[in-house]
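Novice: here is my input; please provide its structure:
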Amino acid sequence: MTEGSSPIHRRAVLLGAAALASMPGAALTSPALRTWRGTAMGAGARITLAHPDADALIARARAEIDRLEDIFSLYRAGSALSRLNRAGELIAPPFELLECLSLCARVHTASGGRFDPSIQPLWSLYAETHSAGNTPTRAQIDAALARVGWNGVRYDSGAVRLRPGMALTLNGVAQGYAADRVAALLRDAGVEQALIDTGEIRAMDAPEGRDGWPVTVKDGPEIILGNRGLATSSPLGTVFDTGGAVGHILSPQTGLPVTVRWRTISISAPRAAVADALSTAGAMMPDQASLDALIAKFRGARIEAAQAA
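Specialist: The predicted structure is shown next:
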């Protein structure tokens with residue numbers, strides 16, 4: 001994979017790599033819709049829905065996002081993921097963490113190992129050395145790579161365990177997962193029409209008289225989205241260097257930033273978590289054929305836009 005994180009750089013990564021999407025003004029001004037804007041999962045966020053108790057439901061959705069950050073955040077020292085990375089072991093892990101690890105395992109295999117949440121030690125190396133005005137040496141990269149490898153992750157309902165020195169980031173899936181969880185919460189509360197943006201997008205039913213929610217991806221086409229998730233990755237959306245050439249999506253095989261084949265890739269899928277992981281993995285595929293093959297392994301997933309570099 002992949003998109004890593006450090007306490008200093010996480011917000012920039014999420015804002016740069018995620019789809020920058022918005023509803024057209026006419027859609028947002030409908031009196032039947034209520035919109036909240038704020039921050040979630042380290043990124044700009046928005047929830048738009050139609051329901052008589054919209055304000056109360058938005059408050060519940062925000063509480064759910066906050067609960068999920070207590071699982072996935074690399075900012076919060078007490079989060080489940082932070083505790084796992086510190087100790088190398090997490091007993092009785094939350095089922096949400098296990099769900100994301102299971103999805104990561106599927107995408108890791110389908111991408112030929114390119115998508116790898118254990119990239120965090122390498123990402124931290126790049127972030128720290130470039131912040132100090134330096135470039136990581138080959139020896140430093142190799143030392144970090146020795147701490148990377150999905151085969152060093154073991155998990156079941158009893159515990160998650162990492163090989164010594166390893167650390168995980170779930171930034172390549174957690175935003176989409178949060179959008180899915182909010183959609184499920186709203187659906188259970190009787191909401192049918194909603195658009196959730198937690199850094200990645202999850203659309204529910206569209207407003208009356210519309211085929212879907214029109215979502216505009218930065219530098220890309222308008223996408224009509226209904227009952228699907230959408231995620232966008234851009235290898236140079238965030239960079240480590242001031243020259244804008246060292247992208248933040250790193251290869252767990254070479255230890256280097258991925259070769260930029262596409263400026264952006266937008267993937268949709270029935271679940272936003274799947275779209276999230278596939279958009280990151282897709283940005284690492286070497287050609288169109290391999291990208292097509294990756295997406296074909298996930299039922300209902302499709303490429304919405306892939307802009308060549």
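Novice: please count neighbours and contacts with C-alpha atoms only from this point.
Specialist: Fine.
Novice: dihedrals phi and psi, Met285?
Specialist: Phi and psi for Met285, reported as degrees, to the nearest 10, are phi -70, psi 140.
Novice: just the element for the closest residue to it other than its chain neighbours, please.
Specialist: Spatial nearest neighbour of Met285, chain neighbours left out: Leu291 (5.6 Å); criterion: C-alpha to C-alpha, 6 or more residues apart in numbering. Per DSSP states H and E: Leu291 is located in helix 288-296.
Novice: which elements pack onto the following helix or strand past that helix?
Specialist: Next along the chain after helix 288-296, taking DSSP H and E as the criterion, comes strand 302-308. Under the contact definition 3 or more C-alpha pairs under 8 Å, 6 or more residues apart in numbering; DSSP states H and E, strand 302-308 sits against strand 262-269, helix 288-296.
Novice: take those and lay them out in a markdown table including distance to Trp36 and mean pLDDT.
Specialist: A markdown table is the format used below for the helices and strands packed on strand 302-308 (distance: least, C-alpha to C-alpha, whole Å; pLDDT from 0 to 100):
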| stretch | distance to Trp36 | mean pLDDT |
| --- | --- | --- |
| strand 262-269 | 23 | 92 |
| helix 288-296 | 32 | 96 |
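Novice: list the buried residues for stretch 295-303?
Specialist: Taking 16 or more other C-alpha atoms under 10 Å as the neighbour-count basis, stretch 295-303 is seen to contain the buried residues Ile295, Phe298, Ala301, Arg302, Ile303.
Novice: and the helix holding Leu291, how far out from the chain's middle?
Specialist: For helix 288-296, the distance from its own C-alpha centre to the chain's C-alpha centre is 19 Å (C-alpha atoms, centre = their mean, to the nearest Å).
Novice: can you tell me the helix or strand for Leu68?
Specialist: According to DSSP H and E, Leu68 maps onto helix 54-72.
Novice: what's the next secondary structure element after that helix?
Specialist: Remark: after helix 54-72, the chain's next helix or strand is helix 80-87, criterion DSSP H and E.
Novice: after that next one comes which helix or strand?
Specialist: Scanning forward in sequence from helix 80-87, with DSSP H and E defining helices and strands, the next element found is strand 89-91.
Novice: in its sheet, what does that next one sit against?
Specialist: The pairing partners recorded for strand 89-91 under DSSP bridges are strand 159-162 (antiparallel).
Novice: touching the partner strand from outside, list them.
Specialist: When contacts are defined by C-alpha atoms under 8 Å, 6 or more residues apart in numbering, strand 159-162 is touched by residues Leu84, Asn85, Gly88, Glu89, Leu90, Ile91, Ala92, Pro93, Gly152, Val153, Arg154, Tyr155.
Novice: run the last query once more with 10 Å
Specialist: Contacts of strand 159-162 with the rest of the structure, by C-alpha atoms under 10 Å, 6 or more residues apart in numbering, involve 81, 84-85, 87-94, 97-98, 101, 118, 147, 149-155, 168.
Novice: skip ahead from it and say which helix or strand is next.
Specialist: Taking DSSP H and E as the definition, the helix or strand that follows strand 159-162 towards the C-terminus is helix 174-188.
Novice: list the buried residues of that following helix.
Specialist: For helix 174-188, a neighbour-count test (16+ other C-alpha under 10 Å) marks Ala174, Gln175, Gly176, Tyr177, Ala178, Ala179, Asp180, Arg181, Val182, Ala183, Leu185, Leu186 as buried.
Novice: ok and that helix relative to helix 54-72, angle-wise?
Specialist: 140 degrees (axes from the mean of the first three to the mean of the last three C-alpha atoms, to 10 degrees).
Novice: what's the first helix or strand after helix 174-188?
Specialist: Note on helix 174-188: by DSSP H and E, the next helix or strand toward the C-terminus is strand 194-197.
Novice: could you list the paired strands of that following strand along with their orientation?
Specialist: Checking strand 194-197 against DSSP bridges gives partners strand 43-49 (antiparallel), strand 201-203 (antiparallel).
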